[in-house]
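S.K.: below are the sequence and a predicted model; questions follow.
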Amino acid sequence: MRKIKFFALALALVMLLMTLVACNKEETPDATDAPTDNGSQNGVNDPTDKPTDKPNVPVVDGTVPMFVDGAFVGSLIRKDIADTDDTNFYAELRNALKKAVGKTPSITTDFDKENADAPAILLGNTSYPESMQVYATLENTSAVAKVVGNKYVIAYTSAKGGIKLLQKITALIETKAASGELVIDETWNITLSASDILGYDDSLLDEYVDLPKYNGAVFDKADIDIGHGSLLNIVKDTNLSEFNAYAQLLQDSGFTFYTENKIGDNVFYTYITKAQIVNLMFFKNTSEARITVDKLGPFNLPALEDDNIYEETTAPSFTAIGIGQTGYPGGMGYIYKLSDGTFFIIDGGITNEGSGNNGSWKWLFGALKELADDPDNIVISGWLLTHIHNDHMGSFMDMSTKPECREVITIKQVIYSQPSDEKMIASGIDYRINWVPDSIDRWMPESVVKAHPGQTFYFADLKLTILGTQDIVLPESIQSHNNASVVSMVEFQGKRALMLADSEPNENRALVSIYGDELDAEILQLTHHGYSNTDAGPLYDLVKSVEIVLWPVSTGHYDGSGGANVSGVSFNQRFFKNGIVNHVAGETNMTITDFETWTPEKDRWLPKV
């Protein structure tokens, strides 16, 4: 009997204990039941920040009380499954609120609708009915911030629209918070049209003027798609007289002359209308005329030399990014610090997105902050992207998604040339189609120029001339888009540098045929990281004045220690002789400030392997 009583008592105690645990569990939800993203992505959630207790505030339709009586009463909400832009905007808005009032708002996703009736800012296309209402009326490429009930809906259809909208909203937060409270009402409503976001009147694109016939005949190759609405036309077996006659015909047809250029015996003209940029190219050695048409608005014009007015305020420098530090053997990035304190950049290095390496953006950004006269105000006068490969333009893309980069960097002009969507799809890289456009939308540079042969750009004490793009290769194969590289001549501090990017056989042969001895330079960037399959021998033979050779490779890739020796091939041996110095990008950044001898600050010039 005693045993039975003992077991009964023990059983009762166990049941009582289980009841107490169950009650405690109901009062304290398991952390795993919380939303999976409580603002923790991309540094949104600081674990040291604790939202303050919310005072009771009556719900008034048409107002969104966010911060009242020293505490947040409204939440910041975004959609649960968000892309990079959404999470970045979420972080920026949260940080703007915290900076304005010194406290952290409640942050969550639309997965958690426990307090769906409470005031909130809804960022992006959430599942809340208020978001759906605004998005249903949103026009393509527009952006809207609007009070609906007790919700402030922030709606956009592009990264550029979102960024411009956030700029206006954060300015309002800063201004309104001065009163000690943040109550959003209809005075916060903002509507950005496509023209507001794009920076031009897109209705003008309808005012196209048809190109007249060349010498009374149709083009030999007409309307070749060269990407983003740009077209290429080709005329064979022509001469300078016919070419000049066509230029006059353009002017007589309503096109306005903008500028001209000559490279050797090759002649280049640019004409414009309200909607078009027309570039005329005459190549004497090949008896060809090539004519491109870009949309004016989406693309802009290079500034004229007379507009290049600047003041010398700092010592210039040249920096090669040590691309080998990423763990990837290739890539390319060069920084020119100009005499006015701004920068010109070529490429920048590999992305870290899905590449299994560290990415170059941290070293590029770090170099810019170290080199800048004011690291909180970095101005890039020009950024040239040579081609759509991630080991060249990856840093441009990565940095565009980093608020810490966009907050301190202003880009005045981006220069690039991207092949048609059809070409990219055929090459199996259709996933890269929007890499550059989306990154440009995030950066919001003052202007974007489609690169074409013959263009000249003046950035303080640097002159850039475009020699090659897909324009000189098509309709021949552009072969994985290396043959669509933007090849340029950079004139800086008394030296000419032939920058070949990753140009391969078709483009290299075209460069030789068109320019000949005009390719001569004191500095040569070896094409495609020094590989031997580029048919670059005849091109290198024309660079007779070469003193400095730039190798955009890691040290291991150069000397074979990394298992892939690209320097030992026979056609590169020409550069291993007295009087020529070879610089390998290597594993650390290298800066030159001594332009009398072009000697680097550290001994980074490598001899013959």
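M.R.: Thanks, I have it. All figures in this text were calculated on a predicted structure; none of them were measured in a lab.
S.K.: buried residues in stretch 505-523?
M.R.: Buried positions in stretch 505-523, judged by neighbour count with 16 or more other C-beta atoms under 10 Å: 505-512, 514-515, 518-521, 523. For every residue, glycine as well, the C-beta is placed using N, CA and C.
S.K.: can you pull out the helices in the stretch 451-600 of the chain?
M.R.: Secondary structure of the stretch 451-600 of the chain, counting by DSSP state H, counting those that start in this stretch: helices at 505-515, 537-542, 555-559.
S.K.: ok, back up a step: which one of the buried residues of stretch 505-523 is nearest residue 343?
M.R.: Relative to residue 343, the closest of the buried residues of stretch 505-523 is residue 523; by C-beta to C-beta it sits at 18.3 Å.
S.K.: the helices of the stretch 451-600 of the chain into JSON lines, with extra columns for mean pLDDT and distance to residue 498?
M.R.: Output for the helices of the stretch 451-600 of the chain, formatted as JSON lines (pLDDT from 0 to 100; distance: least, C-beta to C-beta, whole Å):
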{"stretch": "helix 505-515", "mean pLDDT": "97", "distance to residue 498": "9"}
{"stretch": "helix 537-542", "mean pLDDT": "94", "distance to residue 498": "9"}
{"stretch": "helix 555-559", "mean pLDDT": "76", "distance to residue 498": "20"}
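S.K.: name the helix or strand for residue 398, please.
M.R.: Assigned by DSSP states H and E, residue 398 belongs to helix 390-400.
S.K.: for the record, mean pLDDT for that helix?
M.R.: For helix 390-400, the per-residue pLDDT values average out at 91.
S.K.: what helices or strands is that helix leaning on?
M.R.: Applying 3 or more C-beta pairs under 8 Å, 6 or more residues apart in numbering; DSSP states H and E, one finds that helix 390-400 contacts strand 343-347, helix 361-371, helix 403-406, helix 435-443.
S.K.: make JSON lines from the ones you listed and add mean pLDDT to it.
M.R.: JSON lines is the format used below for the helices and strands packed on helix 390-400 (pLDDT from 0 to 100):
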{"stretch": "strand 343-347", "mean pLDDT": "98"}
{"stretch": "helix 361-371", "mean pLDDT": "92"}
{"stretch": "helix 403-406", "mean pLDDT": "90"}
{"stretch": "helix 435-443", "mean pLDDT": "91"}
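S.K.: picking that back up, what's next to the helix holding residue 398, contact-wise?
M.R.: Outside helix 390-400, the residues that touch it by C-beta atoms under 8 Å, 6 or more residues apart in numbering are 323, 328, 330-333, 347-353, 355, 359-361, 364-365, 383, 385-387, 405-406, 409, 416, 432, 435-436, 438-440, 442-443, 501-502.
S.K.: also stretch 137-144?
M.R.: 134, 153-158, 161-162, 164-165, 189-194, 197-198.
S.K.: could you tell me which of the contacts of helix 390-400 count as buried?
M.R.: Buried residues within the contacts of helix 390-400, counting neighbours by 16+ other C-beta under 10 Å: 323, 328, 330-333, 347-352, 359-361, 364-365, 383, 385-387, 405-406, 409, 416, 432, 435-436, 438-440, 442-443, 501-502.
S.K.: re the thing from before, and the furthest pair within the buried residues of stretch 505-523?
M.R.: Spanning the widest gap among the buried residues of stretch 505-523 are 506 and 523, at 24.1 Å by C-beta to C-beta.
S.K.: grab the most central residue of this protein for me.
M.R.: Against the mean C-alpha coordinate of the chain, by C-alpha atoms, centre = their mean, the closest residue is residue 439 at 3.7 Å.
S.K.: residues contacting that one?
M.R.: Applying C-beta under 8 Å, 6+ apart, we find residue 439 in contact with 396-397, 400.
S.K.: quick one: which of those is most hemmed in?
M.R.: Highest neighbour count within the contacts of residue 439, by other C-beta atoms under 10 Å: residue 396, with 28 neighbours.
S.K.: how about the strands in the stretch 101-250 of the chain?
M.R.: Using DSSP state E, counting those that start in this stretch, the strands of the stretch 101-250 of the chain run over residues 106-109, 120-123, 143-148, 151-156, 182-184, 190-192, 221-225, 231-235.
S.K.: any low-confidence regions in this structure?
M.R.: Low-confidence segments of the chain (pLDDT under 70): 1-60, 141, 200-207, 326-327, 329, 352-359, 561-564, 567-571, 599-609.
S.K.: per-domain residue ranges of it.
M.R.: The chain resolves into domains spanning 32-198, 207-295, 305-606 when parsed by automatic domain parsing.
S.K.: and the ones you listed, which is most packed in?
M.R.: Per residue and on average, the most neighbours among the domains of the chain fall to domain 305-606, with a mean of 20 (mean count of other C-beta atoms under 10 Å).
S.K.: please enumerate the helices of the stretch 151-300 of the chain.
M.R.: In chain order, the stretch 151-300 of the chain shows helices spanning 159-176, 194-198, 240-252, with DSSP H, counting those that start in this stretch as the criterion.
S.K.: how about those in CSV, adding distance to residue 581?
M.R.: CSV is the format used below for these (distance: least, C-beta to C-beta, whole Å):
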stretch, distance to residue 581
helix 159-176, 43
helix 194-198, 46
helix 240-252, 40
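S.K.: surely residue 89 and residue 125 touch.
M.R.: No. With contact defined as C-beta atoms under 8 Å, residue 89 does not count as touching residue 125 (12.0 Å).
S.K.: looking at the helices of the stretch 151-300 of the chain, which is nearest to residue 469?
M.R.: Closest approach to residue 469 among the helices of the stretch 151-300 of the chain (C-beta to C-beta): helix 240-252, 19.4 Å.
S.K.: and the angle from that closest one to strand 231-235?
M.R.: Put simply, helix 240-252 runs at 140 degrees to strand 231-235, going by axes from the mean of the first three to the mean of the last three C-alpha atoms, to 10 degrees.
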